[in-house]
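Chemist: Any chance you could fold what I've pasted below:
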Amino acid sequence: MPPPAADSQTEAKRATGHAAAALVEDGMRLGLGTGSTTAFAIEAIGQRVREGLRVVGVPTSFAAERLARAAGVPVVSLDGLGLDDPAAGPHPLDLALDGADEVSPAGDLIKGRGAAHVREKVVAALAARFVVLVDASKRVERLGTAQPVPVEVLPFAEPAVARSLRALGADPVLRMGERKDGPVVTDQGLWVLDARFDGVDDPAALGAAIDGLPGVLGHGLFVGLATDVLVGTAGGGIEHLDCARD
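Modeler: Got it, this is the predicted structure:
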């Protein structure tokens, strides 16, 4: 039997996922994130699809795509959104749902424990509404106090990027795979450096600095992207936070 803390956290994640699924309306084009909390949302959306809901989803990872297909949620790639059509506008996705590893009071995020943060950021930026699903343990007063900043890098460039991250004040560690030899390999075939900082005072400035490093594809700082944060509580309640989007 799992400990009570594990049960309550699972219940919080389930409640948050179901609350997020309730935001979906008929005809929407969705961004489908990666992670345990978003998995509950995808499963709940699948149930609504079986009841007649018409939607299409853009998965942010191979794992999210497999889960969506298993749940019966129709999926499409970015190519299928018609992004070259001027009528698509700046936000061709109506709603994106995803989790986070840390959430600041301003609604900025650290994401990437599932190594899908680059695709997740692309999808979040395309959505008119980006709703973040977390339990209360993910809320922090300052980003970087509990989780490192994931940085996706070219394998060739890993030593150089690690050196530059140290110059920015980080302690970077190459993420290694579990039950396999060698580093974690992302869906893009790249590696992940987990850059641990002693807190992040200016996420936007740090994100811009990391983006400027040669050999970096992307990082897990999401600044000014979230429009809403749904926080699940141990009792199954939901706290809804509105965020100011840049």
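
Chemist: Report the distance from the helix or strand bottoming out on mean pLDDT in the chain to the chain centre.
Modeler: Lowest by mean pLDDT, DSSP states H and E among the helices and strands of the chain is helix 4-21, with a mean of 84. Chain-centre distance of helix 4-21: 17 Å, with C-alpha atoms, centre = their mean, to the nearest Å.

Chemist: quick one: contacts of it?
Modeler: 2, 36-45, 48, 97, 131, 133-137, 230-238 (C-beta atoms under 8 Å, 6 or more residues apart in numbering). All C-beta atoms are positioned from the backbone trio N, CA, C, and that covers glycine.

Chemist: which of the residues you listed are buried?
Modeler: 37-45, 48, 97, 131, 133-135, 230-232, 234, 238 (16 or more other C-beta atoms under 10 Å).

Chemist: Just the ones in helices from those residues, please.
Modeler: Thr37, Thr38, Ala39, Phe40, Ala41, Ile42, Glu43, Ala44, Ile45, Arg48 (DSSP state H).

Chemist: Among those, which one lies nearest to Ala106?
Modeler: Thr37 (20.4 Å; C-beta to C-beta).

Chemist: Spatially nearest residue to Asp211 (excluding sequence neighbours)?
Modeler: Distances taken as C-beta to C-beta, 6 or more residues apart in numbering place His219 nearest to Asp211, at 7.0 Å, with adjacent residues excluded.

Chemist: So what pairs up with that neighbour in the strands?
Modeler: Beta-bridge partners for His219, by DSSP bridges, are Val151.

Chemist: That one touches Val153, doesn't it?
Modeler: No. If you go by C-beta atoms under 8 Å, His219 and Val153 don't touch, sitting 9.5 Å apart.

Chemist: Helices of the chain, residue ranges please.
Modeler: 4-21, 36-50, 62-71, 117-126, 158-167, 203-211.

Chemist: For the fifth one, name the packing helices and strands.
Modeler: Here helix 158-167 touches strand 149-153, strand 171-174, strand 191-196, going by 3 or more C-beta pairs under 8 Å, 6 or more residues apart in numbering; DSSP states H and E.

Chemist: Show me what the closest residue to His240 other than its chain neighbours is bridged to.
Modeler: Nearest residue to His240, sequence neighbours excluded (C-beta to C-beta, 6+ apart): Leu230, at 5.9 Å. Here Leu230 sits in beta bridges with Leu133, His240, going by DSSP bridges.

Chemist: right, so the helices of the chain: which one is the most enclosed?
Modeler: helix 117-126 (a mean of 23; mean count of other C-beta atoms under 10 Å).

Chemist: relative orientation of it and helix 62-71 in degrees?
Modeler: 60 degrees (axes from the mean of the first three to the mean of the last three C-alpha atoms, to 10 degrees).

Chemist: which residues are contacting helix 117-126?
Modeler: Here helix 117-126 has contacts from 31, 33-34, 58, 60-61, 78, 81, 91-93, 96, 98, 111-112, 130, 150, 152, 186-188, 217-220, 222, 225-226, using C-beta under 8 Å, 6+ apart.

Chemist: what about 7 Å?
Modeler: With contacts defined as C-beta atoms under 7 Å, 6 or more residues apart in numbering, helix 117-126 is touched by 31, 33-34, 58, 60-61, 91-93, 96, 98, 111, 130, 150, 152, 187-188, 217-218, 220, 222, 225.

Chemist: Where does the prediction get shaky in the chain?
Modeler: By pLDDT under 70, the weakly predicted segments of the chain are 1-6, 246.
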